[in-house]
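1. pasted the sequence and its predicted model underneath.
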Amino acid sequence: MITILDKQDCCGCSACIQVCPKQCITMLEDEEGFSYPLVNQYNCIDCHLCEKVCPVLHLGKPRKPLNVYAAKNRDEKIRLQSSSGGVFTVLAEAVINAGGVVFGAKFDEEWKVVHGYTETKNGIADFRGSKYVQSCMGDNFSKVKYFLDNGRKVLFSGTPCQVAGLKLFLRKPYENLLTVDFICHGVPSPKVWRMYLNEVIMNQSVKSVSFGSESKKNISVVSITFRNKCLGWKNFSCVFTFSVSDDKGEKKIISSSEVFSKNAYMKGFLENLYLRPACHHCPAKCLSSGSDITIADFWGMNKVLCDKDDDLGYSVLMVNSINTSLKLIAELDTTEIGYEDILRYNSPIEKSADPDINRNYFFSNLEKKSLSLLIPHALYRRRLLKLIYRIRRKINLLLSQ
């Protein structure tokens, strides 16, 4: 029976839930907004399958990639719509062309991040682009197994811990499975995302009073892009697009754009303020997830391949398995590079994110303050605490002399 004594020991992959033959495990959200498994002990038959598929209990072996490439999609339109070089779309289209199925993370109707699948090229667009929220897996591991057992080729994309969970859930290798993960900084709280999105909508509602008459306004989110390249890839923007209408039927499309360095949600994420506890002790670093391919942003490209850097986004593509078809890579514009070139500017390949010293402060005040105030205040408080620590060290050093 799976038992979570310390929250850092659960990455939330949900493999345990889907493998349970008695369906006696449910995921419950805690006060921070992260979901953890809860076992109905009366229905549990002690088969221990939940323990056997846990990627925290069964760590993979650290690896080095077989080949590393700087890569981009040859279709510039797709590349601009993607977070980096548009590599995922090429891989996904190849699987769809072979009659396969593609799994990935997408927004649902309520703008929650969930896993799903598509059997069409048009559906790939839902999975394109970074989504800085932990996705809800649902029963997608079971769906992957169903398609594989029926001879369909499957591409499954997700975080390294999700890929590790899927591999353990399947309990045997499948030649028709292609797994793609990415270099993961960590996953933010779905609760924080919900609260932030509600604040964004509320702020837009106040602004929209100037639209038309003073009648009631109806606001709905049309699209969300975390990594818009309107100001370039290195200076990406968070863009929210809304549909605003009044009771007279007048409608207007409004966009709100903010550079990531000024966006409160992105700043809190990048400073590790509200990551899942397991992300600070990640069980799937060093390419140990078992994925066939790892993709990522090519940070540091302006130093490694400066002649190719056009600030429109390049991807890193790491081939980790000898079973990966090189035909997939042939469809991309690639340049082979060294693993050290990637590691130098992308330490999350091997290193877990350090928890912010104000993490507890942030979550203890989550229900008391708006995020637009709480996130900047927590980050300011951290800078202040670090300054105090440095001053204390200097004082102690002087006193010890």
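-> Structure received.

2. quick one: low-confidence parts of the stretch 101-250 of the chain?
-> Along the stretch 101-250 of the chain, segments meeting pLDDT under 70 span 207-217, 247, 249.

3. ok, Gly99 touching Gly151?
-> No: using C-beta atoms under 8 Å, Gly99 is not in contact with Gly151; the gap is 9.4 Å. From N, CA and C alone the C-beta is placed, and that goes for glycine too.

4. so what are the domain limits for this structure?
-> What automatic domain parsing lists as the domains of the chain is 67-188+275-349, 357-400.

5. all helices of the stretch 251-400 of the chain, in order?
-> Secondary structure of the stretch 251-400 of the chain by DSSP state H, counting those that start in this stretch: the helices cover 264-270, 301-304, 326-330, 339-343, 359-364, 371-400.

6. could you dump the domains of the chain to TSV with distance to Met266 and mean neighbour count?
-> Putting the domains of the chain into TSV (distance: least, C-beta to C-beta, whole Å; neighbours: other C-beta atoms under 10 Å) gives the following:
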stretch	distance to Met266	mean neighbour count
domain 67-188+275-349	7	19
domain 357-400	10	14
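
7. among the helices of the stretch 251-400 of the chain, which comes closest to Leu231?
-> For Leu231, the closest of these is helix 264-270, at 13.8 Å, according to C-beta to C-beta.

8. and the longest strand for this structure?
-> Counting residues, the longest strand found in the chain (DSSP state E) is strand 217-228.

9. which strands and helices sit next to it?
-> Under the contact criterion of 3 or more C-beta pairs under 8 Å, 6 or more residues apart in numbering; DSSP states H and E, strand 217-228 touches helix 190-207, strand 237-246.

10. nearest to Asn396, out of those?
-> The closest of the helices and strands packed on strand 217-228 to Asn396 is helix 190-207. By C-beta to C-beta, the value is 36.5 Å.

11. let's see that closest one as CSV, backbone CA atoms only.
-> Extracted as CSV, the C-alpha positions of helix 190-207 are listed here (Å, rounded to 0.1, in the frame of the first residue of the first chain):
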residue,chain,number,x,y,z
PRO,A,190,-2.4,24.2,-9.8
LYS,A,191,-4.1,26.1,-7.0
VAL,A,192,-1.7,29.1,-7.4
TRP,A,193,-2.4,29.0,-11.1
ARG,A,194,-6.2,29.0,-10.6
MET,A,195,-5.9,31.9,-8.2
TYR,A,196,-3.6,33.9,-10.5
LEU,A,197,-5.9,33.3,-13.5
ASN,A,198,-8.9,34.5,-11.5
GLU,A,199,-7.0,37.6,-10.6
VAL,A,200,-6.1,38.3,-14.2
ILE,A,201,-9.7,37.9,-15.2
MET,A,202,-10.9,40.2,-12.4
ASN,A,203,-8.4,42.9,-13.3
GLN,A,204,-9.5,42.7,-17.0
SER,A,205,-13.1,43.0,-15.8
VAL,A,206,-12.3,46.3,-14.1
LYS,A,207,-10.4,47.6,-17.2
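
12. thinking again about what came up before, as CSV, the helices and strands packed on strand 217-228 with mean neighbour count and distance to Leu379 would be great.
-> Below are these laid out as CSV (neighbours: other C-beta atoms under 10 Å; distance: least, C-beta to C-beta, whole Å):
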stretch, mean neighbour count, distance to Leu379
helix 190-207, 17, 14
strand 237-246, 18, 17
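
13. dump these into a markdown table; add distance to Trp111 as well.
-> Putting the helices and strands packed on strand 217-228 into a markdown table (distance: least, C-beta to C-beta, whole Å) gives the following:
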| stretch | distance to Trp111 |
| --- | --- |
| helix 190-207 | 6 |
| strand 237-246 | 10 |
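
14. can you list the strands that the longest strand of the chain pairs with?
-> Within its sheet, strand 217-228 is paired with strand 237-246 (antiparallel), according to DSSP bridges.

15. could you tell me the angle between the strand it pairs with and helix 190-207?
-> Relative orientation of strand 237-246 versus helix 190-207 (axes from the mean of the first three to the mean of the last three C-alpha atoms, to 10 degrees): 50 degrees.

16. list the contacts of strand 237-246.
-> Outside strand 237-246, the residues within contact range by C-beta atoms under 8 Å, 6 or more residues apart in numbering are 200-201, 204, 208, 211-213, 215-226, 228-231, 251-260, 263, 265-266.

17. mind giving me the PyMOL command for buried ones among those residues?
-> Remark: buried members of the contacts of strand 237-246, expressed as a PyMOL selection using 16 or more other C-beta atoms under 10 Å:
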select buried, resi 200+204+208+212+217+221+224+225+226+228+229+258+260+263+265+266
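
18. could you pull out the strands for the stretch 1-150 of the chain?
-> Residue ranges of the strands in the stretch 1-150 of the chain, as given by DSSP state E, counting those that start in this stretch, are 25-29, 35-39, 67-72, 101-107, 113-118.

19. from memory Val259 sits against Lys229, does it?
-> No: Val259 is not in contact with Lys229 according to C-beta under 8 Å; the separation is 11.7 Å.

20. what's the overlap in contacts for these two?
-> 236-237.

21. how many residues are close by Glu350?
-> 14 (other C-beta atoms under 10 Å).

22. for Leu385, see how far away the residue lying closest to Leu178 once chain neighbours are set aside is.
-> Nearest residue to Leu178, sequence neighbours excluded (C-beta to C-beta, 6 or more residues apart in numbering): Leu155, at 4.7 Å. Distance of Leu155 to Leu385, given as C-beta to C-beta, to the nearest Å: 45 Å.
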